[in-house]
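> sequence unknown, structure follows:
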C-alpha cells in the first residue's frame, strides 16, 4: 500500500503549502516561507499547533505577538485571529484538529 503524495500549492506570494498526512481528526501540513512573506491574519474553528522547523517568524495571536525560531512552537485555539511574518526564510509544521477540509 502506498501513501498518498499531496501536491505543493502556493496560497500566497512567497508561501508554499503541502499536506504531509491527514485523517478526519488530524492534519499535518508543511508551510515553507521566503523571507518577508506573510501568513495573512485569519481565523478558523480548528485548534492549530505550529512548530518552527527552521527560520524565524513573528506570530500574531489575538492581541499577542511572539517571535519564534527553529525549535519553538505555540498553540492557537480555534476561532482566534492569527497570522505570521517570516523574518528569516523557513518552514513551519502545523497540525490542525480536526482536519482542514478546505486544504484538500
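Arrived safely, thanks for sending. Note that this is a predicted model, so its numbers are computed, not measured.
> so what's the residue nearest to the spatial centre of the chain up against?
Averaging the C-alpha coordinates of the chain gives a centre point, and the residue nearest to it by CA atoms, centre = their mean is residue 94 (4.4 Å). Applying CB atoms under 8 Å, 6 or more residues apart in numbering to residue 94 gives the contacts 28-31, 48-51. C-beta here means a position set from N, CA and C on the backbone, and glycine is covered the same way.
> list buried residues within these.
Members of these that pass the buried threshold by neighbour count (16 or more other CB atoms under 10 Å) are listed as 28-31, 48, 50-51.
> low-confidence ranges, the protein, go.
When residues are selected by pLDDT under 70, those of the chain lie in 1.
> ok, now which ones touch residue 7?
With contacts taken as CB under 8 Å, 6+ apart, residue 7 has the following neighbours: residue 18.
> let's see that with 10 Å instead.
With contacts taken as CB atoms under 10 Å, 6 or more residues apart in numbering, residue 7 has the following neighbours: 17-19.
> what is the nearest of those residues to residue 76?
Residue 76 has its nearest neighbour among the contacts of residue 7 in residue 17, at 16.3 Å by CB to CB.
> and that closest one, how many neighbours?
19 (other CB atoms under 10 Å).
> and stretch 24-40, end to end?
The separation between the terminal residues of stretch 24-40, taken as CA to CA, to the nearest Å, is 25 Å.
> show me where the chain has its helices.
Listed in chain order, the helices found in the chain under DSSP state H amount to none.
> what residues sit buried inside stretch 87-100?
Of all the residues in stretch 87-100, those buried under the rule 16+ other CB under 10 Å are 87, 90-92, 94-96, 99-100.
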